[in-house]
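**Q** Turn this into a structure:
(chains A and B)
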Number of protein chains: 2
Amino acid sequence: MTMDAAILAPDSLGPTVCVGEILVEIMATTQGPGFLGPLDLVGPFPSGAPAIFIDQCARLGASAGIIGAVGDDDFGRLNQGRMKQDGVDSSAILVDAGYPTGTAFVRYQDDGSRHFVYNIAQSAAARIRWTDSVSALIRRAGHLHVMGTVLAMPAAWDIIERAMTIIKARGGSMSLDPNLRRELVANDQMEARFAQLVDAADLLLPSGDELEYAAGTAGEHAALGSLFERGVGEIVLKRGSSGASFFARDGRRIDELPFDVTQVDPTGAGDCFGGAYVASRRLGMSAALALSYANAAGARNVTFRGPMEGAGTRAELDDFIHNTSRRS
Amino acid sequence: MTMDAAILAPDSLGPTVCVGEILVEIMATTQGPGFLGPLDLVGPFPSGAPAIFIDQCARLGASAGIIGAVGDDDFGRLNQGRMKQDGVDSSAILVDAGYPTGTAFVRYQDDGSRHFVYNIAQSAAARIRWTDSVSALIRRAGHLHVMGTVLAMPAAWDIIERAMTIIKARGGSMSLDPNLRRELVANDQMEARFAQLVDAADLLLPSGDELEYAAGTAGEHAALGSLFERGVGEIVLKRGSSGASFFARDGRRIDELPFDVTQVDPTGAGDCFGGAYVASRRLGMSAALALSYANAAGARNVTFRGPMEGAGTRAELDDFIHNTSRRS
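**A** Prediction:
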């Protein structure tokens, strides 16, 4: 077993920054096909994959900041308040008074899949842009985490590209959660941008078949080889309720068994997993310990209703790990 | 007492048409200051003042159509379905796939006032425009009802102006519910447009101090005189839980005592009142009978949760009138 090399820049270099949609989520409390009549709902919950990721990052004790936009409304204030409360640098959250905060209504259908009614494209979330506050945050950042979902948000790309250049130039690192909605990677430009993100990533956090998709190669082994050849430093495969696996370029592999939890709401699990992993690694923990915290963060979050309500502090995750049995 | 002249064009000339926002409403089930954390909610309910008005109009048995726009989402389909189910001509509801259906989150505060989080300006609702379907509906319409709220929607004005000209030219009539949010009538152009609507109105349906505002004159008596001088045919003053009064140009006055109901949700009461009044008058009923149905429609609607859930058929309103005592 070789040394557990530092693939990500240390927390001391500056905060992990994530770019993208800040939303509120409103959940139906009953299962069914959609929102075609009055239902019992609960919300608004702070949401948006980048917001969930960065909130978990901060709650674990790492420095963290977010670049996004909200409306001048209660839903925006809810998100700003949560970010601040949990220690996320929210100086680069733009308040766009001309647009509402983005919303996602979600209802679980009888087959377990989710039905959404979104307003993102015509919300403040899609109005992010390079501002002095964004520039200031990027210039002190130590790591950039990219959610693949931002490829669907044209305004985000300019920020991502500039941020990658600036952060890498100052010795920072980058991670990518493909987080693909396959139908969104629908054109050559998006494919090219996605490939550019994979090439730049020090850490890749795919779920399921995103590993093979990111590699453009069938078969787990071949996909891993191809990605390491393209310069990825380490890969953590999220297997949902089947646990997770760490793969290093030198052939090391670590597997984590899943926790035995009762799932209340799976939304946000992958984002919490990623936030905890990146935070742990940047705080100097071993891959094994980071993987354990990540696995716990994802599992703990599904036991809470609301996409980021279960994001845990280090003490909460320690408790969770201590008190929760594993599936074998 | 003079003859109860027909101020509005008869139903046989063609449908009453209303132009404006079609929304869904999501209500908090608890009172409090806003939407700054997860709450129990219920929704989506079909909503939007013009939609509530026209739905009540149709349920009372009058011909009715609406000009509005929704997104290509569940919330739009909910509204389209409700309109069709209740007999509203929905041929001129535009589906704008690029924008979400408008939303209004409402929470009653401890003092009884309402706190809203709206998305209208950046929703499909604001994207209404003159289309062949709009033209076809207007060309067969017998009456135009205008909600003052459309003044806040720049795209609506073009439709309103063209509709007024076409409908009046074919012998149709017009009614106006000032329905003011005073802060929206903020500039000279809006003031001028509002005055133009008052001048064109055969029937005015103000609430409370909207009467004096519409007249630009202090004092009920002076305001009524000024408005009749400007050509208004009849005025029905909505006094909320204090009942309603009818005023004719010839000095006749009819007062309706309020119904003694337990208020569940006041939203939509004024719109149901207006829809029932216009429908009744256009169906040939006397002002006294129309006022009675209008008063009943408003009162019945507040006993239902949801802005148009209590819109009653003629039989339902007859039952309500028969079975509900009055406050004196």
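**Q** Give me the secondary structure label for the closest residue to A:A201 other than its chain neighbours.
**A** Counting by CB to CB, 6 or more residues apart in numbering or on different chains, A:A201 lies nearest to A:L176, which is 4.1 Å off, once chain neighbours are set aside. C-betas here are computed from N, CA, C, even on glycine. Following DSSP: H, G, I helix; E, B strand; the rest coil, the label given to A:L176 is strand.
**Q** Please look at A:L176 and A:L211 and confirm they touch.
**A** No. With contacts counted by CB atoms under 8 Å, A:L176 stays clear of A:L211, the gap being 11.8 Å.
**Q** got any residues that touch both of those two?
**A** A:L204 (CB atoms under 8 Å, 6 or more residues apart in numbering or on different chains).
**Q** sorry, back to before: so what's the residue nearest to A:A201 up against?
**A** By CB under 8 Å, 6+ apart, the contact list for A:L176 reads A:145-146, A:148, A:197-198, A:200-201, A:203-205, A:214.
**Q** Check A:T103 too.
**A** Going by CB under 8 Å, 6+ apart, A:T103 touches A:23-26, A:44, A:75, A:118-119, A:123, B:103, B:119.
**Q** Tell me the residues of the stretch 101-250 of chain A that contact chain B?
**A** Proximity of the stretch 101-250 of chain A to chain B, by CB under 8 Å from any CB of the partner chain, involves residues A:103, A:117-119, A:121-123.
**Q** Surely A:L291 is in contact with A:F246?
**A** Yes. If you go by CB under 8 Å, A:L291 and A:F246 touch, sitting 5.0 Å apart.
**Q** Find the residues that touch each one of the two.
**A** A:236, A:254, A:256.
**Q** Redo the residues you listed as CSV? Include pLDDT.
**A** Listed next are those as CSV, based on pLDDT from 0 to 100:
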residue, pLDDT
A:V236, 98
A:I254, 97
A:E256, 94
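**Q** who wins for neighbours among those residues?
**A** The most crowded member of the shared contacts of A:L291 and A:F246, judged by other CB atoms under 10 Å in any protein chain shown, is A:V236 (26 neighbours).
**Q** Would you mind measuring from it to chain B?
**A** Going from A:V236 to chain B by CB to the nearest CB, to the nearest Å gives 30 Å.
**Q** Wait, that residue touches A:L204, no?
**A** Yes. Counting by CB under 8 Å, A:V236 touches A:L204, with 7.4 Å between them.
**Q** So which of the contacts of A:L176 sit within strands?
**A** Counting by DSSP state E, those place A:145-146, A:203-204 in strands.
**Q** Kindly indicate the member of these with the most neighbours.
**A** Most surrounded of the ones in strands among the contacts of A:L176: other CB under 10 Å gives A:H145, at 29 neighbours.
**Q** Confirm for me that it is in contact with A:D177.
**A** Yes. Contact criterion CB under 8 Å: A:H145 and A:D177 qualify, at 7.2 Å.
**Q** Now do the shared contacts for those two.
**A** Applying CB under 8 Å, 6+ apart, one finds that A:H145 and A:D177 are jointly contacted by A:53, A:274.
**Q** Which stretches in chain A count as strands?
**A** Using DSSP E, strands in chain A cover A:16-19, A:23-28, A:39-47, A:64-70, A:93-95, A:102-108, A:114-119, A:143-147, A:173-177, A:203-204, A:234-238, A:244-248, A:253-256.
**Q** Redo these as TSV? Include distance to B:T267.
**A** Putting those into TSV (distance: least, CB to CB, whole Å) gives the following:
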stretch	distance to B:T267
strand A:16-19	39
strand A:23-28	19
strand A:39-47	17
strand A:64-70	26
strand A:93-95	28
strand A:102-108	20
strand A:114-119	21
strand A:143-147	38
strand A:173-177	42
strand A:203-204	50
strand A:234-238	44
strand A:244-248	48
strand A:253-256	51
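**Q** so which of those strands gets nearest A:D86?
**A** In terms of CB to CB, the element of the strands of chain A nearest to A:D86 is strand A:64-70, at 8.6 Å.
**Q** so what secondary structure elements neighbour the closest one?
**A** Judged by 3 or more CB pairs under 8 Å, 6 or more residues apart in numbering or on different chains; DSSP states H and E, strand A:64-70 is in contact with strand A:16-19, helix A:49-59, helix A:74-85, strand A:93-95, helix A:132-139.
**Q** Okay, buried residues for the last one please.
**A** In other words, helix A:132-139. A:134, A:137-138 (16 or more other CB atoms under 10 Å in any protein chain shown).
**Q** do the fourth one as well
**A** Judged by neighbour count using 16+ other CB under 10 Å, the buried positions of strand A:93-95 are A:93-94.
**Q** Output the contacting helices and strands for it.
**A** strand A:64-70, helix A:74-85.
**Q** one step back: A:L291 and A:F246: which has the busier surroundings?
**A** Each of A:L291 and A:F246 had its neighbours counted (other CB under 10 Å), and the higher figure belongs to A:L291 (24 against 20).
**Q** tell me the contacts of that one?
**A** A:236, A:244, A:246, A:254, A:256, A:277.
**Q** go again using 6 Å as the cut-off
**A** By CB atoms under 6 Å, 6 or more residues apart in numbering or on different chains, the contact list for A:L291 reads A:246, A:254, A:256.
**Q** Then A:A244?
**A** A:A244 sits next to A:238, A:256, A:295 when contact means CB under 6 Å, 6+ apart.
**Q** Give the bridge partners for it, please.
**A** A:A244 has the following beta-bridge partners by DSSP bridges: A:K238, A:E256.
**Q** Show the pLDDT at it.
**A** The model reports A:A244 with a pLDDT of 96.
**Q** From B:G76, how far out is it?
**A** Note on A:A244: its distance to B:G76, by CB to CB, to the nearest Å, is 40 Å.
**Q** ok, back up a step: looking at the contacts of A:L176, spot the one nearest chain B.
**A** Minimum distance to chain B across the contacts of A:L176 is 22.9 Å, recorded for A:G148 (CB to the nearest CB).
**Q** thought the closest one was touching A:E191?
**A** No. Counting by CB atoms under 6 Å, A:E191 is not a contact partner of A:G148; they are 11.7 Å apart.
**Q** Comparing those two, which residue is more hemmed in?
**A** Counted by other CB under 10 Å, A:G148 and A:E191 do not tie: A:G148 has more neighbours, with 25 against 13.
**Q** Roughly how far does A:R252 sit from B:V236?
**A** 80 Å.
**Q** cool, A:G275 as well?
**A** A:G275 is 59 Å from B:V236, where distance means CB to CB.
**Q** what does A:S245 give?
**A** 72 Å.
**Q** And A:H143, by the same measure?
**A** Note on A:H143: its distance to B:V236, by CB to CB, is 65 Å.
**Q** How about A:V117?
**A** Distance, A:V117 to B:V236, using CB to CB: 38 Å.
**Q** Taking the stretch 101-250 of chain A, what residue is nearest to chain B?
**A** Closest point on the stretch 101-250 of chain A to chain B, by CB to the nearest CB, is A:N119, at 4.1 Å.
**Q** Name whatever forms a beta bridge with that residue.
**A** In this entry, A:N119 is beta-bridged to A:T103, by DSSP bridges.
**Q** pLDDT at it, what is it?
**A** Confidence score, pLDDT, at A:N119: 95.
**Q** That one contacts B:P100, correct?
**A** Yes. Contact status for A:N119 versus B:P100: in contact at 4.1 Å, counting by CB under 6 Å.
**Q** low-scoring stretches of the stretch 51-200 of chain A, by residue?
**A** For the stretch 51-200 of chain A, applying pLDDT under 70 flags the ranges A:181-186.
**Q** Run through the bridge partners of the closest residue to A:A28 other than its chain neighbours.
**A** Leaving out its chain neighbours, the residue that sits closest to A:A28 by CB to CB, 6+ apart is A:R107, at 3.8 Å. Beta bridges link A:R107 to A:H115, judged by DSSP bridges.
**Q** Give the burial count for A:R107, as a bare number.
**A** Counted with other CB under 10 Å, the neighbours of A:R107 add up to 22.
**Q** what's the answer for A:G171, then?
**A** 11.
**Q** Equivalent analysis for A:A311, please.
**A** Per other CB under 10 Å, the neighbour tally for A:A311 reads 30.
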